Every structure is written in C-alpha cells, then in structure tokens.
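**Q** just coords:
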C-alpha cells in the first residue's frame, strides 16, 4: 500500500475515534444529569390545539387533591360524544369565563392567546370529531354566584346542557349568603331535566385569594369533579417557575401564559377521565340533603318591565346595558322608585359606575330599610354590574319595594338593571 495513503487513512481513523470518544463522554454527562422537574411549555399549543409542558405531575396532584369524586356523569357525556350524538357544554362564571385576558410579561413568546374556555372546547373537538358539539358561554364580567343562581335557568339550563363548568371562586365572597347561593346554583344545575355533569373550576387572584375552600366544601358534598388553578399558580410562584407578572398583568385575570396553564390542567384531567370512561355508563345519585338550605330553588331574573311599578319618581326608562334589557335610570333627584314584586327573596342588579356620578340608594321593603345600593365604582377600572340581596323570608308573598337616594350621598345617579326573586 502507498505509505502516504496509509498515513492518511490512519489519521482519518484516529479522528473518527476521537469524535466517538467525545460523543460518548458527552452522552454520559448528559445521562448523568438529573431529570428536569419542570418543562417550560410549548408556547401554549400542542398539535396546534392544546397546551402542554407547563404543569408537572406533582402540580396536577395539587390541581386535583380531592378524592372520591363522582366521574360517572362525565363518563356518560364522553360516551355520548364518542357515539356521534349531540352534546351541549356550558360555562357559567365571571370575566375569566367570559374570556377577559390581561397582558403578562411572557405573553409575547406565546404562539396563541387562548382562554380556558377555548382550550376546553378544543379538546372536545379534537377528541370527538364525530360528535355534534354545541357550546354555551354564559360568563358575565364582575358577577357572582348570587346573580348566577338567578340567571342560570335562562342563560344555561334552557339550552339543555350535558355538562356545565362553574367558575365563581374569584368573584364570590366568603359569606354565608354566597355559600348558600353557590350551593343552590349547583343544585339547580344537578336537578335540571337533562341531569348534566358538573365540573367546578377554582381560579384565584395573584395573592392566592379565592373562595376555593368554601366552594370545595359544596363540591365535596355532591362528589363533583373539581380543579384548582389557584393551587398550581401559587406553587409556580413559590417555586420560582413563573413570576406574578408573567401569570397575570392585573393580579386578577390570567395572562395568555396563565390561561395556558389552566388549559393544560383541564386537558390533562379530561384525558384521564376519558381513559377511564370506556365501558362506563353508570351514575351515582345526587345527595338530597343540602349543606346550607334550599333558598334559591325557584330563582329567576325579572326585567324592569316584569315588575309592577307604582311610582317612577325621578327614574326613567333606559337602555344602559347590552346584557340586561329594559333598565330604569335616575341621573338626579331623590329616586323614589316604587314597585311591587312577588317572591320569598328579593335582590337587585344595578350599574356600578366609574364616572363618579354613582350614588348610594337605600332600599325599603314593605316600609323597612333592608339594604343600601352603592352605585359608585370610581376607584375601579370599569363600570360593572353589582347585585345586592334585599329581602328574605320563608313565605312567598307580594312586597312593595321603594328605592330612595341616601341623604348623605354625593352621587345622584343609579341605573337599575334587573330584580332577582325566588
């Protein structure tokens, strides 16, 4: 063999051996590293639809720490979808359900900016392509379960849903009447003719505040599937995985990143249920006993045309809201609106104004002062609907309601959206 060719071949062989040794060493070093405890995420999309890589297995356990929940109704909904039938899924909640999104400091890196409702519905479309899927979003900004229990019949149950997702953990307060209205909302859904499956979603503010504990007590009583974004969010912040500014731009509404985290929690839970649903067509009975009491079983929303007005005072007919029709508004004067309405309970829905003109108005039922409306939201970001309970009794009868501006009120404006009765 030519010596020069032999020398060249030896050099080539030596170089290949050196590369092989280097690659082997690098692979050993890589394999020696501990497995990452957290994946940075895919930018919000997996298969152009679903989020993945944000939530660890440990965090999924934080999102779903409740045992003994009844998943049979969910099994049956999935079986129905699998067979190609019509399936109606509804969402009821506040602005987070409606889809309000804040801007987080990491959102520019997100491929898509979707809400939890988007991710939830996309999972059903992808998983059950043969199903006739219908979706109802009954989210209204700044509303709570007290208004929710009164509007759920018209906004949700009249659509005959198979599954309802309930989200009020941020907008409710830790009060007895919110606990009662939340339970009555759940019972009203469970007892409706289509007997829909119910899922509870617990969102939270950036400081961790929510009504999760109070609402999960209700969910546990009825053995309902429950998922907590709040638990996962606080763990991510405490572990230094994401900052508060990345998860929310206003401390309340999730950013696109925050919604992707919620979306993955929901998607992974639905995947786990689907795996268990094969062959399942059973159901368990809903407990008949209430945690609180059956106070809002016949709750409904009345427009201002549904009440019997005896005296308008300084109020005039108006159309201030796109959601609540047939409003009554006073811009000056003392109010003096008087009307009659029949029911065991009475509540009012009104506009909380940011323009500084909203006033404080006292509510009298049958001549007794029972509540005060505060229509001033000048310290807030935007005008929003407010609601206040005004009367409660165990006996259904007709009552006279009078609304008068408080003498100490500097604001003179009030718009009445609706009357709540049960």
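**A** Okay, I see it. Every value quoted in this text rests on a predicted model; they were computed, and no experiment measured them.
**Q** middle-most residue in the protein, spatially?
**A** By CA atoms, centre = their mean, the chain has its centre lying nearest to residue 167, at 2.9 Å.
**Q** who's it bridged to?
**A** In this entry, residue 167 is beta-bridged to residue 93, by DSSP bridges.
**Q** assess the claim that it and residue 90 are in contact.
**A** No - using CB atoms under 8 Å, residue 167 is not in contact with residue 90, being 11.5 Å away. No exception for glycine: its C-beta is placed from N, CA and C like everyone else's.
**Q** which residues in this protein form helices?
**A** Per DSSP state H, the chain has helices spanning 3-32, 57-63, 72-82, 95-98, 116-127, 145-155, 176-190, 212-221, 229-238, 244-247, 256-277. These are given in chain order.
**Q** would you mark the buried spots in the last one?
**A** The neighbour-count criterion (16 or more other CB atoms under 10 Å) identifies 256-270, 273-274, 277 as the buried residues of helix 256-277.
**Q** what's the answer for stretch 187-201, then?
**A** 187, 188, 189, 190, 192, 196, 197, 198, 199, 200, 201.
**Q** and the residues you listed as CSV, adding pLDDT and distance to residue 136?
**A** Listed next are the buried residues of stretch 187-201 as CSV, based on pLDDT from 0 to 100; distance: CB to CB, whole Å:
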residue, pLDDT, distance to residue 136
187, 97, 19
188, 98, 16
189, 98, 12
190, 97, 17
192, 97, 13
196, 98, 11
197, 97, 14
198, 98, 14
199, 98, 14
200, 98, 17
201, 99, 16
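**Q** report the two of these separated the most.
**A** Spatial extent of the buried residues of stretch 187-201 (CB to CB) is set by the pair 192 and 201 at 19.3 Å.
**Q** which one of the helices of the chain lies nearest to residue 395?
**A** For the helices of the chain, the distance to residue 395 is smallest for helix 176-190, at 17.8 Å, taking CB to CB.
**Q** centre of the chain to the closest one, how far?
**A** 15 Å (CA atoms, centre = their mean, to the nearest Å).
**Q** so which elements touch that helix?
**A** Here helix 176-190 touches helix 145-155, strand 163-167, strand 197-202, helix 212-221, going by 3 or more CB pairs under 8 Å, 6 or more residues apart in numbering; DSSP states H and E.
**Q** any chance of those in JSON lines, plus distance to residue 345?
**A** What follows is the helices and strands packed on helix 176-190, written out as JSON lines (distance: least, CB to CB, whole Å):
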{"stretch": "helix 145-155", "distance to residue 345": "9"}
{"stretch": "strand 163-167", "distance to residue 345": "21"}
{"stretch": "strand 197-202", "distance to residue 345": "23"}
{"stretch": "helix 212-221", "distance to residue 345": "19"}
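**Q** where does pLDDT dip in the chain?
**A** 1-49, 279-284 (pLDDT under 70).
**Q** contact partners for residue 236?
**A** Counting by CB atoms under 8 Å, 6 or more residues apart in numbering, residue 236 touches 59, 242, 247, 261.
**Q** not counting sequence-adjacent ones, nearest residue to the first one?
**A** Sequence neighbours aside, residue 232 is the residue nearest to residue 59 in space, at 4.8 Å (criterion: CB to CB, 6 or more residues apart in numbering).
**Q** repeat for residue 403
**A** residue 337 is the one closest to residue 403 (CB to CB, 6+ apart), at 4.6 Å.
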